[in-house]
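**Q** The following comprises the amino acid sequence and a computationally predicted model.
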Amino acid sequence: MTSVKPVTDTVYTVQQYRQATGLWNGLRHSPKAVTRYLSQGNHFVIPKKDWEKKWKGTNSEYMHIYFGIDGREDRLKFIVVDSNNDKRDACDGSEANHIGVYDYDNFTAYNELPMAGPRLADLDNELTFRQAVTRNLVWQMMMPVWVQEKCAEHSPDGHQGFNCGIYRIFKVPFADFADIFETEDNRIIATFGLKKIDPEASHDTDYEGELIFWGKNKKVLESVGGGSPQEEDPITDLTKPIPPFGSEEEINSFNLIDNPLLP
């Protein structure tokens, strides 16, 4: 059985990160290629030691999680950097110290995730265990169909452009990311999910892709039966998928991709 584990400590340059995100961008309108890479695994792991070493003290507004292809291994990777160190006008060569790269691996059963019972959905951006598993199962069943439709998306001008189609980045609020690590012992496990955009819609492929973060912590909760302490798992849906980009200013906040608005 394959266990969830962090990536190897391979060191990359900023240019190699850009090459990796460029490879992903070059194939993300190809359903066959996207499906092949998204089928290589089902999760990635961000260890707490990376949080403490690379990002905790940056006080950024967001964390950026990029899709990238390692051309040497022909594998999908996820590249993570805080927003302060991902601004084009802030880059001085030291930003590589604030970038982490993580393998897209397989676990073979949900009991490999840090489960300790269902999550009480007491915040808008947190899911119950059942909701999270359901969305992940929908991903496993519907991903190829969803990819086919996302790859076929067109911009309002009728062209397949940079501002539509399969995602390139997930943008996560830094404060929420920090909150997960403040209550989690050593790692976050990220999986994909598909959620219905309109629960009333009849179209079976009317879904939005998302990242779901799984962690383990202990808090005292009011249980349904009466007030005893219980161990809980926060299962958190915090992410904004990109594209679409919101503005030119937002585009400029992503240093690890080429700016399509520049000549």
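**A** Here it is on my side, so go on.
**Q** When you work out contacts or count neighbours from here on, use the C-alpha atoms and nothing else.
**A** Fine.
**Q** Tell me where the stretch 51-200 of the chain is predicted with low confidence.
**A** Within the stretch 51-200 of the chain, the stretches falling below the threshold (pLDDT under 70) are 88-95, 108-127, 154-162, 184-185, 199-200.
**Q** And the strands in it?
**A** Listed in chain order, the strands of the stretch 51-200 of the chain (DSSP state E, counting those that start in this stretch) span 62-70, 75-82, 99-103, 126-127, 169-173, 187-196.
**Q** May I have the residues that are in contact with residue 28?
**A** Applying CA atoms under 8 Å, 6 or more residues apart in numbering, we find residue 28 in contact with 34, 151, 165-167.
**Q** what do you get if the cut-off is 6 Å, keeping everything else the same?
**A** By CA atoms under 6 Å, 6 or more residues apart in numbering, the contact set of residue 28 is 34, 166.
**Q** separation between it and residue 148?
**A** Using CA to CA, to the nearest Å, one obtains 10 Å as the distance from residue 28 to residue 148.
**Q** circling back to that earlier point, need the strands of the stretch 51-200 of the chain in TSV (columns: distance to residue 242).
**A** Listed next are those as TSV, based on distance: least, CA to CA, whole Å:
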stretch	distance to residue 242
strand 62-70	9
strand 75-82	14
strand 99-103	19
strand 126-127	21
strand 169-173	5
strand 187-196	15
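**Q** Over to residue 50. Which of the three states is it?
**A** Here residue 50 takes the helix state, with states given by DSSP: H, G, I helix; E, B strand; the rest coil.
**Q** what number of residues lie near the residue nearest to it when sequence neighbours are not counted?
**A** When the adjacent residues along the chain are set aside, residue 50 lies closest to residue 100, with 7.3 Å between them (CA to CA, 6 or more residues apart in numbering). When counting by other CA atoms under 10 Å, one arrives at 24 neighbours for residue 100.
**Q** what does residue 213 give?
**A** Residue 213 - counted by other CA under 10 Å - has 25 other residues nearby.
**Q** If I follow the layout properly, it ends up in contact with residue 190?
**A** Yes. If you go by CA atoms under 6 Å, residue 213 and residue 190 touch, sitting 4.6 Å apart.
**Q** hey, what's in contact with both of those two?
**A** Residues touching both residue 213 and residue 190 (CA under 6 Å, 6+ apart): none.
**Q** list the contacts for residue 195?
**A** Residue 195 sits next to 135, 207-208 when contact means CA under 6 Å, 6+ apart.
**Q** try 8 Å
**A** 135, 138, 207-210.
**Q** repeat for residue 143
**A** Residues in contact with residue 143 (CA under 8 Å, 6+ apart) are 35, 194.
**Q** I'd like the distance between it and residue 107.
**A** Residue 143 is 17 Å from residue 107, by CA to CA.
**Q** How about residue 18?
**A** Distance, residue 18 to residue 107, using CA to CA: 28 Å.
**Q** again with residue 175
**A** When residue 175 is compared with residue 107 (using CA to CA), they lie 28 Å apart.
**Q** Those two - which one has more neighbours?
**A** Between residue 175 and residue 107, counting by other CA under 10 Å, residue 107 is the more crowded of the two (17 against 14).
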